[in-house]
Structure formats: C-alpha cells, structure tokens
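Visitor: Predicted structure and sequence below. I'll ask about it afterward.
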Amino acid sequence: MPDLHLIATFVIIAATIVAYASERWSMEAVSLVSLAAILLLFGAFPYTGPYGGPAATGSEGDVLGAEQLLAGFSNPALATVIALLIVGQGLFATDAMEAPARYLGRLGGASSYRPILYILIGAGLISAFLNNTPVVVIFIPVLVVIAAKRSIPASRVFIPLSFISILGGMTTLIGSSTNLLVAGVARDYGIEIGFFDITGMGVVLALAGSLYVLFVLPRFMPERRAELAAGAKSGAQFIGEITLTRDHPLVGTSARAGMFPGLGDLTLRMLQRHDVPHLPPFEDVVLQAGDTLVVSGTRRAFSKALSQGRASVEKEESDREETGHEAPPGPDYHLAEAVISPGSRYAGRTIQLSGLRPRFGISVLGVQRKSRMARSGLSDIRLEPGDTLLIGGPMQAITQLRGNHDLLMLEHSAEAVPQSRKARTAVAIFAAIVLASAFSVVPIVVAAICGAVMMMLTGCLSLLQAARAFDRQIFLLVGASVALATALEATGGARLIADSALGLMAGAGPAVILSGLFLVMAVLTNILSNNATAVLFTPIALGMANGLGLSPEPFIAAVIFAANSSFATPIGYQTNLLVMGPGHYRFSDFVRAGSPLVIIIWLTFSLLAPWYYGL
C-alpha cells in the first residue's frame, strides 16, 4: 500500500507539470510553489528510509529533509549552465562571434535559413566525438549573431540546436555523459561497451530524428523574438562628431572615391579643419590631427566606432592631459537614448553649454531630429523639444536620469558598448573552457566557473553584465525539479513506476518488452533527468536480459538511447537549459517540440532494434 509521502509526491509532480505546460502562471511562480509544497510535505511529516536521489544519498534510518531537497540549488549542472551563460555574455559583449558569423553567412548565400542548417548539421556531427554540452556552448553565440542578421526569430533555431546535439551524442560512447554513465554501471556487472558499439543503431536513430529537427521542427516553432532595446532595432540616424587627436587611428587616412573606409558604417557629412568647413565629395583629402569630423550613423554604428577606438567620448580636461589620448570606454560604459521634453530647460541651449556632463556625468554622442538639421558641429547644435540624444556614460550615471522631467530617458534603451578590443581574450577564455572540458582536464563545472570569473577579471564584461546573464527561471526550475526528483526516488516512486511497467509486460515477447522498457525510460528521463534514469534502469535492463536468456547488448542500447531522449522538458538535459535563455522559451515549447521527437525515436527503435539485434 503506497504511503502518504509517495502519493503526495506523485500529486505534486503531476500538478507541477500541468502548471508548467498551461502557462497560466510564470515559470518562477510554479517552481517556487512546487518547491514550497514538497518542503512542507517532508517538513511537516518527516520521511525516514533509504534514499538516493540525484542530489542526495542516504541509508536506512536517515531522514529526508530540507537539506537534501534543496541540494539542487548547488547542483553542478546548474552551476555549469549559469557560468556558461556568463561566458556567452562575454562573447556577446566583445563581438567575438562577429567574424565567424559573417563567414558562415557568406556560405549560406542569399538563403536566410541555409547558414542555420549548416551550423545544425555541423553541431550534430561534432557531437558524436565531443561531449554535446560544449558543442552547444560553441554554437549558441554564432547562432545569435546569424539569426539577428537574417531576421530569423531566435526561438526557431535554439531548440533544434539542442536536439541535434543530443541526437549526435547518441552515436558514440563519448558523445554524451549519459553514455559514459551507463557504460560505467555496465562495467560493474562485467560488461564492457566499446567506443562504436552503439554507433550502428545510434546513426539510424539520429538520422530519423534529424529529418524532423532540421526540416519539420523549425516550421512550427513559435516566432518569439528577443526584446531589443529601442535604439538597437531602430535604423534612425544620429548626427555626431569625432575630433582627431594626434594618435587617433584615422590620422593619415586618405579618401577613396570620396569616402573614408576607416569610418566603418559612419558617413562623413562635413570636415572642419582650422574652423574652415569642407563638404563632400572629399577628393585627395588626408585626415590630420585636429580635424573635426561631423558624421551621421545609426546607434549601432556609433557603438561599434566607440568600441574600436574610432570615436571618442568626452573627458575632463585633466584626464586628457594625463593620458594624451582618448582610450576606448570600459565594459561599464553604456549608450542610451533620451528625449528633450517640451518646456525642458535644455531647449535652446547648445550641447556644449548644456551642462549635461558636469551635472549627470554623461556625454552627448549624437542628436536625432525629425526636421532637417544644418551642417554644423555637434557642439553648435541648439537643442529643441523632441530631439533624441544619444548619450553615453557609466550605467550608474545613466540610471540617475530616470525620473528627470527635462531629459526623458527611453526605458530599456541602455546597452553596453561592445569591448571589441577584448574579443581575442574572450575567444581564448572560451576555447580554454571547451578544450579543458573536452579532454577532461578538469570537470566542466570547474572550467565554466573559472572562465566566467576570467571574463570579468580581464574586462570582457562588467559585473552588471554578468548579473544580467543570470537567468532566474533556469535557477528556480532546476532547483525545484531536482527536489521533486529526489523525493520521487527517495519514496520509491521511480522504482514503483519501473516495476509496474515491467509487470504489465510479463509474458510478452522480447521485442515488446524491449519497446516497453524504452518507452518507460523515455518518459522518465524527461521527469527525473537523463543521468538519474540511466543509473536507475541499467541494472533493471541487465536483469531482464538475464531473465529472458538474451544478449545484454540490445537492452544496454535501449537504456542509452531512451535516457538520451530528453527532448520533452527543459530539465531533461542541460543543453535544453542552455538554450532556454537565448531562445526565450517556455516550458510548453519543449513539450510541443520534443514530444513528437520522443515518439519518433521510440517507434524507430521499436521497429528496427529487433531486426538489428536479431531478437
């Protein structure tokens, strides 16, 4: 007779899954309520017995309490995911993936989806020989850039990336940590699994699943785009100016066909030399120290010019005397947009005499006006109500503008200037993480955390940017899910499900038993986690093979492939957690996208495994 703890655990798990899938409440709220419910259950009614959940171990007579149930918040997989999100933020903050994305974009030609297809196929192939978690980490930043450039919703590409890497990891022993875990348990029973022993059936399953992932799944994924800052998604032009100091990188640049290539995406509207204006076209002109360039460009163009040292920010005179040049802004330097309000005290003033820098600690980098502006230097422009200013400064200074009635800051417009000069450093840190984890120099959690710390210590991103990369949805989802899985295993719920399913198949043929075993494991791997399912079912599968007098090979393969079928929930595998943030996914997105794939893998294995293994 099931006891109170077992029944209540099943009820809480079922209610949690339904609440996640319904999307009537936020994922954070559901996670907190389910966590509180399971803590209350075992706190008010202590449970004593043997337990061995994914986050806790115990023996007969131990009490399963809050310490074990909350251990999921210190789970190495959770720490790994959060650290890798910070590392990915460092790659974004330095524009390190700009060049690889451009190269892959050229390979795709005019097609919008072909570059994505090449990346997904490459990720699947690499995952066969490199653990699929670092593979996903490698391709996430590249996909972010390509999806943005091709105007493809991020939600259409990141679940396919996770799924294709899991499918590729099924094909060799080292493709997934689950495979190695099953091999380790089987070795304890005297069974050795070779590197390519699962490759034949694994390739068949991967091909069947890949057809769905590559050509069917993207068509019905939701078009959920990332929320971009107002200035980032706007193509509006700002007028700004650049003063060339003696060591400015543009000094000595000659015009080519009337243009200056060193300006990048900025357009030169007027050149002031010794207070004499020069208008385009600029033929046979060589830029000199002391020149003032009046330029126009989008917010993105100004941001890129700042990051590469082609544009400069206003500094105090004392700072200029100390340095002698304008250094690129640091990782805490942000650009934002603010509007001159009707009746503003700044209306009618020139930017030079506005007093914005001494009062707020910000610099005005550009002005955008709906009406036509005369060709003049930025400092000579008289501000009018409705003008939009492109301002720059530390985040703390920009935050002080909120609530100001003279200068209305556009909400969510603040974005950090990319630290392009740190791109090589960020790539080196990222490569070190991948190599250290791929060759098992240190555990991936150690490599990821050290990499995240190095991103901040080297100035690739600020502490504020790192904090923004922290995803509370993932943090609460994993912590609550591990607590539920621990309770399910501790109370014998997982074993009860396995025994009941096997009891229903008693007397059936080997093919039916193998198919039923696969289905039970494929369902549980999306609730418990792939590693917990693998450890729980490997001894069961070996016992079934011995009882039927059959080779253990097909049953071991069933455990590996079924435990890897963690497509239907984000908690099934950590690559699913890695893509939740970049893809802006909900729990139900994985249910809708992954459930058909689980069925495809199950049916393919059920139909072909008896023939392949000679059952």
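Guide: Here it is on my side, so go on. Here the structure is a predicted model, which is why all the values come from computation and not from measurement. Residues are numbered from 1 along each chain as shown.

Visitor: from memory residue 84 sits against residue 448, does it?
Guide: Yes: with contacts counted by C-beta atoms under 8 Å, residue 84 reaches residue 448, the gap being 5.0 Å. C-betas here are computed from N, CA, C, even on glycine.

Visitor: so what sits against both of these two?
Guide: Contact criterion C-beta atoms under 8 Å, 6 or more residues apart in numbering; residues shared by residue 84 and residue 448: residue 433.

Visitor: Doesn't residue 83 lie inside a strand?
Guide: No: Residue 83: not assigned to a strand; according to DSSP: H, G, I helix; E, B strand; the rest coil it is helix.

Visitor: Next one, pLDDT for the nearest residue to it once chain neighbours are set aside please.
Guide: Nearest non-adjacent residue to residue 83, counting by C-beta to C-beta, 6 or more residues apart in numbering: residue 448, 3.7 Å away. Note on residue 448: pLDDT of 83.

Visitor: isn't residue 448 right up against residue 76?
Guide: No: counting by C-beta under 8 Å, residue 448 sits too far from residue 76 to count as a contact (9.6 Å).

Visitor: quick one on the thing from earlier: from residue 129, how far off is the residue nearest to residue 83?
Guide: 21 Å (C-beta to C-beta, to the nearest Å).

Visitor: Make sure residue 507 is indeed in a helix.
Guide: No: using three-state DSSP, the assignment for residue 507 is coil, not a helix.

Visitor: For it, grab phi and psi.
Guide: Main-chain torsions, residue 507, degrees, to the nearest 10: phi 90, psi -10.

Visitor: who's in contact with it?
Guide: With C-beta under 8 Å, 6+ apart, residue 507 has no contacts at all.

Visitor: what about 10 Å?
Guide: Listed by C-beta atoms under 10 Å, 6 or more residues apart in numbering, the contact set of residue 507 reads residue 513.

Visitor: go on, residue 295?
Guide: Contact analysis of residue 295 by C-beta under 10 Å, 6+ apart lists 237-242, 260, 263-271, 301-302, 305, 310-311, 366, 378.

Visitor: so it sits in a helix?
Guide: No: according to three-state DSSP, residue 295 belongs to no helix; its state is strand.

Visitor: Spatially nearest residue to it, not counting backbone neighbours?
Guide: In space, residue 295 is closest to residue 266, 4.3 Å off (C-beta to C-beta, 6+ apart).

Visitor: Which strand or helix spans residue 242?
Guide: strand 238-243 (DSSP states H and E).

Visitor: what mean pLDDT does that strand have?
Guide: On average, strand 238-243 scores 85.

Visitor: Off-centre distance for it?
Guide: On the basis of C-alpha atoms, centre = their mean, to the nearest Å, strand 238-243 sits 35 Å off its chain's mean C-alpha point.

Visitor: Does anything pack onto that strand? Which helices or strands?
Guide: The helices and strands touching strand 238-243, judged by 3 or more C-beta pairs under 10 Å, 6 or more residues apart in numbering; DSSP states H and E, are strand 267-273, strand 292-297, helix 299-307, strand 363-368, strand 388-394.

Visitor: between the ones you listed, which gets the lowest average pLDDT?
Guide: Looking at these, the lowest mean pLDDT belongs to helix 299-307 (a mean of 82).

Visitor: name the helices or strands packed onto that helix?
Guide: strand 238-243, strand 292-297, strand 333-340, strand 363-368, strand 388-394, strand 415-416.

Visitor: Repeat the analysis, applying 8 Å as the threshold.
Guide: strand 238-243, strand 333-340, strand 363-368, strand 388-394 (3 or more C-beta pairs under 8 Å, 6 or more residues apart in numbering; DSSP states H and E).

Visitor: And for the residue nearest to residue 83, the neighbour number?
Guide: Counted with other C-beta atoms under 10 Å, the neighbours of residue 448 add up to 27.

Visitor: Tell me which residues touch it, please.
Guide: 79, 80, 83, 84, 87, 433, 437.

Visitor: how about residue 311, secondary structure?
Guide: coil.

Visitor: which residues sit in contact with the nearest residue to it once chain neighbours are set aside?
Guide: Leaving aside its sequence neighbours, residue 311 sits nearest to residue 305 (C-beta to C-beta, 6+ apart; 3.9 Å). Residue 305 makes contacts with 242, 263, 264, 265, 266, 297, 311, as judged by C-beta under 8 Å, 6+ apart.

Visitor: same deal with residue 33?
Guide: So residue 33 contacts residue 19 (C-beta under 8 Å, 6+ apart).

Visitor: Roughly how far does it sit from residue 26?
Guide: Distance from residue 33 to residue 26, by C-beta to C-beta: 11 Å.

Visitor: among the contacts of residue 305, who's most crowded?
Guide: residue 311 leads the contacts of residue 305 on contacts (other C-beta under 10 Å) with 31 neighbours.

Visitor: Make sure that one is actually in contact with residue 241.
Guide: No: with contact defined as C-beta under 8 Å, residue 311 does not reach residue 241; the gap is 9.0 Å.

Visitor: Just the CA coordinates for stretch 538-549, please, in CSV.
Guide: Provided in CSV are the C-alpha atoms of stretch 538-549 (Å, rounded to 0.1, in the frame of the first residue of the first chain):
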residue,chain,number,x,y,z
THR,A,538,20.8,-0.1,-16.2
PRO,A,539,20.6,-2.8,-13.5
ILE,A,540,16.9,-3.4,-14.4
ALA,A,541,17.7,-3.9,-18.1
LEU,A,542,20.6,-6.2,-17.4
GLY,A,543,18.3,-8.3,-15.1
MET,A,544,15.6,-8.5,-17.8
ALA,A,545,18.2,-9.7,-20.3
ASN,A,546,19.4,-12.4,-18.0
GLY,A,547,15.9,-13.5,-17.1
LEU,A,548,15.0,-13.9,-20.8
GLY,A,549,18.3,-15.6,-21.7
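
Visitor: Could I get the buried residue list for it?
Guide: 538, 540, 541, 542, 544, 545 (16 or more other C-beta atoms under 10 Å).

Visitor: Which pLDDT value belongs to the second one?
Guide: Model confidence at residue 540, given as pLDDT, is 79.

Visitor: how close does it get to residue 85?
Guide: From residue 540 over to residue 85 (counting by C-beta to C-beta), the distance is 36 Å.

Visitor: Need the contact partners of the host helix or strand of residue 560.
Guide: Per DSSP H and E: residue 560 is located in helix 553-563. Here helix 553-563 makes contact (C-beta under 8 Å, 6+ apart) with 170, 178-179, 182, 186, 191, 193, 197-198, 201-202, 205, 514, 517-519, 521-522, 525, 530-531, 533-534, 537-538, 541-542, 544-545, 601-602, 605, 609, 612-613, 615.

Visitor: next one: stretch 247-259
Guide: 242, 244-245, 260-263, 268, 280-289, 293, 309-310, 312, 324-326.

Visitor: Flag every buried residue along whatever helix or strand residue 13 lives in.
Guide: According to DSSP H and E, residue 13 maps onto helix 4-22. For helix 4-22, the neighbour count (16+ other C-beta under 10 Å) marks 5, 6, 8, 9, 10, 12, 13, 16, 17, 19, 20, 21 as buried.

Visitor: Which residues are in contact with the fifth one?
Guide: Meaning residue 10. 488, 493.

Visitor: Same question for residue 199.
Guide: 171, 172.

Visitor: Can you give me the distance of it to residue 612?
Guide: If you go by C-beta to C-beta, the gap between residue 199 and residue 612 works out to 12 Å.
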